[in-house]
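In: Pasting the sequence and the predicted coordinates here, then a few questions.
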Amino acid sequence: MIIEHLRQEFESTFDLLSELNTEEKCVDYLAQFRWNGKPICQYCNHDVCYELNLTNRGKRWKCKKCRKQFSIRIGTPFQESKLPIRKLFVALYLSPEGISTHQLGRVLSISQKSAWYLDKKIKNNFIANEMTENSIYQFYDDKCDDATKRFNEAIDVVVETYEKIARYYNILYAMEE
Ligand SMILES: [Zn+2]
């Protein structure tokens with residue numbers, strides 16, 4: 001997960017922006033993260049791709065097999081986004097801290113509306129996917145008060161007892177036949 005990766009690697013957004021201080025460095029960083037430095041064609045899965053440095057479009061790769069070109073954004077939730085990767089990194093980095101879209105807009109020098117869309121995209125594509133079944137139960141447990149927990153435990157006992165009775169009757173029924 002890119003969010004954890006960024007947060008482990010950089011202690012603050014300041015560190016992140018100091019290290020990844022150009023768009024090209026961010027693209028290289030993401031390419032290393034996604035493909036381990038060996039880009040895979042996103043159209044045909046071929047693993048021999050040439051690096052192209054286009055002055056107006058930034059770094060792209062061209063597949064040796066199908067000859068198609070692609071950028072680092074292909075196949076990501078930000079495929080259509082024009083926001084620089086540097087800004088995306090900062091937004092991803094800050095996402096677990098729950099900052100408001102107003103603050104996010106100010107940090108990234110984008111409108112609050114754009115920040116809202118960005119925040120939504122990150123939540124839907126990164127944070128939501130991380131919500132495994134266990135973490136949902138954990139969340140539920142954390143939010144339950146003691147009375148609710150006792151009630152749920154009582155329900156479990158009732159269900160268990162009912163199942164025991166049902167099993168008992170099934171045995172009796174089976175014996176009768
Ligand atoms: Zn290809």
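Out: Good, I have the coordinates. Residues are numbered from 1 along each chain as shown.
In: just for this structure, where's the confidence low?
Out: Residue ranges of the chain with pLDDT under 70: 128-145, 148, 168-169, 171-177.
In: can you give me the helices for it?
Out: 2-9, 13-19, 23-35, 85-94, 101-108, 112-122, 128-130, 133-143, 146-176 (DSSP state H).
In: If you drop the residues flanking it in sequence, what lies closest to residue 123?
Out: residue 95 (7.5 Å; Cβ to Cβ, 6 or more residues apart in numbering). Any C-beta I mention is one placed from the backbone N, CA and C, and that applies to glycine too.
In: Please tell me how far the residue positioned nearest the centre of the chain sits from the ion.
Out: Among the residues of the chain, the one closest to the centroid is residue 126, at 1.7 Å (Cα atoms, centre = their mean). With distances taken as Cβ to the ion, to the nearest Å, residue 126 is found 27 Å from the ion.
In: Verify the contact between that residue and residue 91 for me.
Out: No - shown here, residue 126 and residue 91 do not form a contact pair, counting by Cβ atoms under 8 Å, at 10.2 Å.
In: ok, back up a step: give the closest residue to the residue nearest to the centre of the chain in space, chain neighbours not counted.
Out: Per Cβ to Cβ, 6+ apart, closest to residue 126 is residue 3, 5.8 Å.
In: Contacts only, for residue 103.
Out: Under the criterion of Cβ atoms under 8 Å, 6 or more residues apart in numbering, residue 103 has no contact partners.
In: What's the separation between it and residue 12?
Out: 15 Å (Cβ to Cβ, to the nearest Å).
In: Tell me the residues of the chain that contact the ion?
Out: Neighbours of the ion within the chain, by Cβ under 5 Å from the ion: 41, 43-44, 46, 63, 65-66.
In: Can you pull the domain assignment for this protein?
Out: By the assignment in automatic domain parsing, the chain contains the domains 2-130, 134-176.
In: ok so, going back, buried among the residues of the chain next to the ion? Need that as a selection in ChimeraX.
Out: To isolate the buried subset of the residues of the chain next to the ion in ChimeraX, counting by 16 or more other Cβ atoms under 10 Å, use the following:
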select :41,63
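In: out of the residues of the chain next to the ion, who's nearest residue 114?
Out: Nearest to residue 114 out of these is residue 43 (Cβ to Cβ; 29.4 Å).
In: ok, now how distant is the residue nearest to the centre of the chain from residue 152?
Out: For residue 126 relative to residue 152 (Cβ to Cβ), the value is 31 Å.
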